[in-house]
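Asks: Show me how the following folds:
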Amino acid sequence: MQVGKEKLLWMYEKMVQIRYYEETMAAVYMEGKLPPAIQKGLAFDIGAGPVPGEMHLAAGQEPVAVGICAHLSDDDTVVGTHRPHHFAIAKGVPLNPMTAEMFGKVTGLGKGKGGHMHLFDNAHKFSCSGIIGASMPIACGAALAAKKLGKNWVSIAFFGEGAANQGSFHESLNLAAIWKLPVIFVCEDNQWAISVPKSKATSIEWIADRAAGYGIPGIRVPENDALQIYEAVAPAIARARRGEGPSLIEIKTDRYFGHFQGDPETYRPKDEVANLRKSDPIPKLSQMLKEKGFLTADQEASIVQTMHAQVDSAFEFARKSEYPNANDALHDVFVNGHLNGRALV
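Replies: Sure, this is the predicted structure:
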């Protein structure tokens, strides 16, 4: 299929932005958690620094997010995983409140109460969860709502290959197939379920083959390539919009960082990440754009500068924002089955 210049440039811009966002977060997250603290006899303090708690980054997995979200509108729903930033950015979630949420600031998407694994943006119909496999039933719910409203909106459920062994995977695919829900199940196969290789946790080689058990299409994208992903998912999205039901897409992608920041990664071969980076999808897309005459060196430099500036501005916004008032701790949360205080907006 022919993909226009504007769409390709958008994918490149977003991939540059996502990569820099993740690299910036990797550095900021480690503030206060670095070796000097350990040298004083203190252990790694996960609650220290400006961004407390766990942190899961998606550097290397950018093509999955942009290749799929390039097909979507604001009316379509995306449900991400515990590694969610690339999906959120590609779906259009604003960087300022997203970043402030991770800093625990009152200007965040959830007023600082959700953190990086629980980002919710109603305006852009994006959410995520720290629970493995949780994206699939939630996406089915959004798809069912679209169907009952008579809309041609689609819902995307992102999950990792490890989550394909959860009960929620099988239940969601079965339900979506029976009801012909407009949902696309997208498996990010980075070969590692935390520290367990796919080969030791999954009984079949390709997750996409499981689609046959539910009578739906199963498609595998063997390369971490934004254009290939964009082209492969197009029929599935068109099928869903026509009311013909769900599809399962499996995409081979690469995780450059550990499962979480601070992960010693002793389970990975020492040269694995270095070898993966030799096929970095961002320079690959840049080269293709230049060969097509869609991108010059000056334009590329301008894009990089602009995307980096937007990310830097978001981190500055988050640093300068205020922390929530302790008296508001029970506002906007459910207490005894009722929403207490002001509703989230």
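
Asks: and stretch 142-152, how far from the chain's centre?
Replies: 23 Å (CA atoms, centre = their mean, to the nearest Å).

Asks: got the contact list for it?
Replies: For stretch 142-152, contacts defined as CB atoms under 8 Å, 6 or more residues apart in numbering pick out 75, 77, 79, 125, 153-155, 176, 179-183, 240-243, 246. (C-beta placed from N, C-alpha, C; glycine too.)

Asks: run the last query once more with 7 Å
Replies: By CB atoms under 7 Å, 6 or more residues apart in numbering, the residues outside stretch 142-152 that reach it are T77, W153, S155, A176, W179, L181, P182, V183, R241.

Asks: Could you check which helix or strand contains the fourth one?
Replies: Pointing back at A176 there. Using DSSP states H and E, A176 maps to helix 167-179.

Asks: Now do the SS call for V304.
Replies: Here V304 is recorded as helix under DSSP: H, G, I helix; E, B strand; the rest coil.

Asks: Can you tell me how far it is from I46?
Replies: Going from V304 to I46 by CB to CB, to the nearest Å gives 32 Å.

Asks: quick one on the thing from earlier: just checking, which helix or strand succeeds the helix holding A176 along the chain?
Replies: Past helix 167-179, the next helix or strand by DSSP H and E is strand 183-189.

Asks: Next SSE downstream of that following strand?
Replies: Next element after strand 183-189 (DSSP H and E): strand 192-193.

Asks: circling back to that earlier point, which secondary structure elements does the helix holding A176 contact?
Replies: helix 135-148 (3 or more CB pairs under 7 Å, 6 or more residues apart in numbering; DSSP states H and E).

Asks: can you give me the angle the helix it packs on makes with strand 183-189?
Replies: 160 degrees (axes from the mean of the first three to the mean of the last three CA atoms, to 10 degrees).

Asks: Quick check: next helix or strand after helix 135-148?
Replies: Next element after helix 135-148 (DSSP H and E): strand 155-160.

Asks: what sits up against that following strand?
Replies: Counting by CB under 7 Å, 6+ apart, 68, 76-81, 87, 133, 135-136, 139, 142-143, 146, 182-188, 190, 193 sit against strand 155-160.

Asks: E250 is in contact with E188, isn't it?
Replies: No - using CB atoms under 7 Å, E250 is not in contact with E188; the gap is 8.7 Å.

Asks: tell me the phi and psi of the residue nearest to N174 when sequence neighbours are not counted?
Replies: In space, and not counting its chain neighbours, N174 is closest to Y214: 5.7 Å by CB to CB, 6 or more residues apart in numbering. Phi and psi for Y214, reported as degrees, to the nearest 10, are phi -120, psi 10.

Asks: by contact count, what packs against the helix or strand encompassing W10?
Replies: In the assignment (DSSP H and E), W10 maps to helix 5-29. Judged by 3+ CB pairs under 7 Å, 6+ apart, helix 5-29 is in contact with helix 62-69, helix 85-91, helix 281-291, helix 297-320.

Asks: Taking helix 297-320 as reference, get the angle to the helix or strand that the second one is followed by.
Replies: Read in the C-terminal direction, the helix or strand following helix 85-91 is helix 95-102, with elements assigned using DSSP H and E. An angle of 40 degrees separates the directions of helix 95-102 and helix 297-320 when computed by the same axes, to 10 degrees.

Asks: number of nearby residues for A176?
Replies: Neighbour count of A176, defined by other CB atoms under 10 Å: 29.

Asks: Got the confidence number for the residue lying closest to it once chain neighbours are set aside?
Replies: In space, and not counting its chain neighbours, A176 is closest to P246: 4.1 Å by CB to CB, 6+ apart. Here, the pLDDT recorded for P246 equals 98.
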